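1. Here you go, sequence then predicted model.
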Amino acid sequence: MEITPDRIARIIGGEWIERPEEAISNASVRSISIDSRTLCPGDIFWCIKGERFDGHDFVEQAFKKGALAAVISSPIHSCGEPGRLIQVGDTLKALQKLAKSWREMHPCPIVAVTGSSGKTTTKELIAKILKQRYNCLSTEGNMNNHIGVSLMLLRLEASHEVGVLELGMNHLGEIAQLTDMVKPKIGVITNIGKAHIGFLGSVNQIIDAKSELLEGMGPEGLAVLNRDDPYYYILAERCQNGVITVGESEKADLRIKKIVLFPSEGRTQVVMKVKGKTLSLSLPILGRFIAYNLLMAIAVAMEMGCEQKEITSGIADFSPIPNRMDHQIIKGIHILNDSYNANPESMHSALSTLFECKGSARSMAILGDMLELGSQSECLHRQLGQWLGHNKRVDFLIAYGAQAKLMAQEAVKTGYPPQSVWSINEPGEIAKLASSLLDSGDWVLIKGSREMGLDRVFADLSELIRVSNGFKKKQWDKEERDQCSII
């Protein structure tokens, strides 16, 4: 990192518990670590207090693994290394302060991506393209919160020419704080939906929260927005400078002309008009939503000076992100694994993709609770159930969770065949039921909020299908299925 523990202490306003040896205070720091399990010799261990853990409990372990020093906010009585402890009032605030300072030392342009859904896919597409031309740092995994973004900024090096960071939030003020740290040149908002409405209270509050990116960039920033989003005009009014738009609207700067899904090949073709030219590109993922993610990535890439060949090469390097509309074919059964997360808009989008892909084939939806919807949760789950009941385009519906059960009940009330709907409370039983109903050629969608653990259901179902040899129907007989019926 080209920084010493002593300089870090000065930046964050920390005090050494005891004067350290010069070999410690002036050593070169390898990295910042908040996890003693993955810490490497030469790291500084940062004690973060979480809901389920407290880093202060692992300081001794961190020193045994070679940590240079530890940043603490609570007394440590048992480590025996007072000359390696830096005391601060709040370790999280200190981490953010260091990250902001480190960002100021590395003034490469950064692209910040946020939105209610699709931000990770958009971030990955942008990074894949930019890496064809630049040394690019991009968010890894789900490091998009106040801790993760800080750690990503601290990975900036003098050799980095550009950064692509994902910004997440579930409360007002969080995007503003992250934007102040990141100081992005380009801000991307994929869309506005009801994700986290339980924390924010209303769509207006969600708009305000996402707009913090636009307002925080200042007059020199450039925004990339979804022209088809129903809240586009509100967002555009809050931009202090330039705006680039994408969408099917004739007014969009980058316009979607046609979207074609190829279900058997697991890809989506997007025909678009960019700067007067018609381009056709394909991505190995199914869904019309991907067109917006793709055009936003192209808009950013063009603004950053990338040429068409670099855009094409970057897209060719893209692969589906695990648990996000990941299409698998196992013994002729098509599974769309979208178990990473769920909100009302993404649920409708995923189901619509299922309907379009299956054609005349049979289909199944395994749907879990959509979380963080607060007082609107019951209403939004029931609305989804009504939609499913009216269109009747899923042959089998399996609900997992208390809220998903309300969705299933509402589907039956509005016309869904009750003999084809089940509510299951034990996730381990879902794969058994599903495998007893499925045959080659069927399509399955698995989707729910991350905390519902439907990725495990996908793994169990995949395994059951693989090992089945003509006797899978016995794994869950009719009597057992009837016991799980919602009626």
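-> Structure received. Numbers count the residues shown, from 1 in each chain.
2. what about the helices in the stretch 351-487 of the chain?
-> With DSSP state H, counting those that start in this stretch as the criterion, the stretch 351-487 of the chain has helices at 377-391, 402-413, 427-437, 454-467, 478-483.
3. okay, those helices, which one's buried deepest?
-> Across these, averaging neighbours per residue (mean count of other Cβ atoms under 10 Å) puts helix 402-413 on top, at a mean of 22. Quick note: C-beta positions are derived from backbone N, CA and C, even for glycine.
4. Which residues does that one contact?
-> Under the criterion Cβ atoms under 8 Å, 6 or more residues apart in numbering, residues 367-370, 373, 377-378, 381-386, 388-389, 397, 399, 418, 421-423, 448, 486-487 lie in contact with helix 402-413.
5. can I get the CA coordinates of that helix in CSV?
-> Taking Å, rounded to 0.1, in the frame of the first residue of the first chain, the C-alpha atoms of helix 402-413 are listed here in CSV:
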residue,chain,number,x,y,z
ALA,A,402,-44.6,-17.0,5.3
GLN,A,403,-44.9,-14.1,2.9
ALA,A,404,-44.6,-16.4,-0.2
LYS,A,405,-47.4,-18.5,1.2
LEU,A,406,-49.7,-15.4,1.1
MET,A,407,-48.6,-14.9,-2.5
ALA,A,408,-49.6,-18.5,-3.3
GLN,A,409,-52.9,-18.2,-1.5
GLU,A,410,-53.7,-15.1,-3.5
ALA,A,411,-52.8,-16.9,-6.7
VAL,A,412,-55.4,-19.6,-6.0
LYS,A,413,-58.0,-17.0,-5.1
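6. and Val203, how many neighbours does it have?
-> Per other Cβ atoms under 10 Å, the neighbour tally for Val203 reads 16.
7. picking up where we left off before, among the helices of the stretch 351-487 of the chain, which comes closest to Val149?
-> Nearest to Val149, of all these, is helix 454-467, at 24.2 Å by Cβ to Cβ.
8. Taking their axis directions, the closest one and helix 427-437 sit at what angle?
-> Interaxial angle, helix 454-467 versus helix 427-437 (axes from the mean of the first three to the mean of the last three Cα atoms, to 10 degrees): 40 degrees.
9. give me every residue that touches the nearest residue to Ala291 once chain neighbours are set aside.
-> Excluding its sequence neighbours, the residue lying closest to Ala291 (Cβ to Cβ, 6 or more residues apart in numbering) is Val270, at 4.5 Å. Contact analysis of Val270 by Cβ under 8 Å, 6+ apart lists Ile256, Lys258, Ile259, Ser280, Leu281, Ser282, Leu283, Ile290, Ala291, Leu294, Leu295.
10. Out of the residues you listed, which is nearest to Val246?
-> Leu295 (3.8 Å).
11. who's in contact with that closest one?
-> Shown in contact with Leu295 (Cβ under 8 Å, 6+ apart): Val246, Gly247, Leu254, Ile256, Val270, Met272.
12. Okay, and which of the contacts of Val270 map to helices?
-> Residues of the contacts of Val270 located in helices (DSSP state H): Ile290, Ala291, Leu294, Leu295.
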